[in-house]
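Peer 1: Sequence first, predicted coordinates after that:
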Amino acid sequence: MGILSCCLLLALALLGPRAAAARKCDLQGLWRNELGSNMTLSALDAAGTFSGSYHTAVTATNKKILVSPLQGAQQYLGAKGQPTFGFTVQWQFADSTTAFVGQCFVDRHGKETLETMWLLREGVPSRRDAWKATR
């Protein structure tokens, strides 16, 4: 009996990482970052697009922060399960738009994490000021 239970535990241990690796990222739902911002994403449609809202906790303006709409798209998921995606946020309290790109990862414990980079473009009064409009 001792050998059987040892083999069963070993088999479960070996299957564990495979089961977690087979999990696929699902962008739908509520996401929070380490700075306190959060976003809610809708389910993907047949074309891989989604919408939602973003509530930032970080801003460079003195205006009241408002929840802002977002629109995005995810690559075809296929068998990989860790898709890339992109979305834009149209800020409702500032004269700017932010584009995010990233990838969703699932760790061996099944935790989903979004790794993203962003570019923010704010409106400037003239083309001469365009050099300072993107962060």
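Peer 2: Great, that's in hand.
Peer 1: Residue 121: what's its closest spatial neighbour, skipping adjacent residues?
Peer 2: In space, and not counting its chain neighbours, residue 121 is closest to residue 134: 5.1 Å by Cβ to Cβ, 6 or more residues apart in numbering. Bear in mind the C-beta positions are built from the backbone N, C-alpha and C, glycine included.
Peer 1: and the one you found, how many neighbours?
Peer 2: Residues near residue 134, counting by other Cβ atoms under 10 Å, number 11.
Peer 1: which residues sit in contact with it?
Peer 2: When contacts are counted by Cβ atoms under 8 Å, 6 or more residues apart in numbering, residue 134 touches 119, 120, 121, 122.
Peer 1: What pLDDT does the model give the first one?
Peer 2: In other words, residue 119. pLDDT, residue 119: 96.
Peer 1: Need the nearest residue in space to it, chain neighbours excluded.
Peer 2: residue 99 (5.2 Å).
Peer 1: pretty sure the one you found is in contact with residue 116, am I right?
Peer 2: No: using Cβ atoms under 8 Å, residue 99 makes no contact with residue 116, being 10.2 Å away.
Peer 1: Bridged to the residue nearest to the spatial centre of the chain, which residues?
Peer 2: Here the mean C-alpha position of the chain is nearest to the C-alpha of residue 114 (Cα atoms, centre = their mean), at a distance of 4.1 Å. Following DSSP bridges, residue 114 is listed with bridge partners residue 104.
Peer 1: where's it relative to residue 125, distance?
Peer 2: From residue 114 across to residue 125, the span is 35 Å (Cβ to Cβ, to the nearest Å).
Peer 1: Same question for residue 116.
Peer 2: Relative to residue 125, residue 116 is positioned 30 Å away (Cβ to Cβ).
Peer 1: okay, these two: which has more neighbours?
Peer 2: residue 116 (14 against 6).
Peer 1: Go ahead and confirm that one touches residue 101.
Peer 2: Yes: using Cβ under 8 Å, residue 116 makes contact with residue 101 at a distance of 6.6 Å.
Peer 1: looking only at pLDDT, what's the mean for stretch 88-97?
Peer 2: 94.
Peer 1: For that stretch, buried residues please.
Peer 2: Taking 16 or more other Cβ atoms under 10 Å as the neighbour-count basis, stretch 88-97 is seen to contain the buried residues 88, 89, 91, 94, 96.
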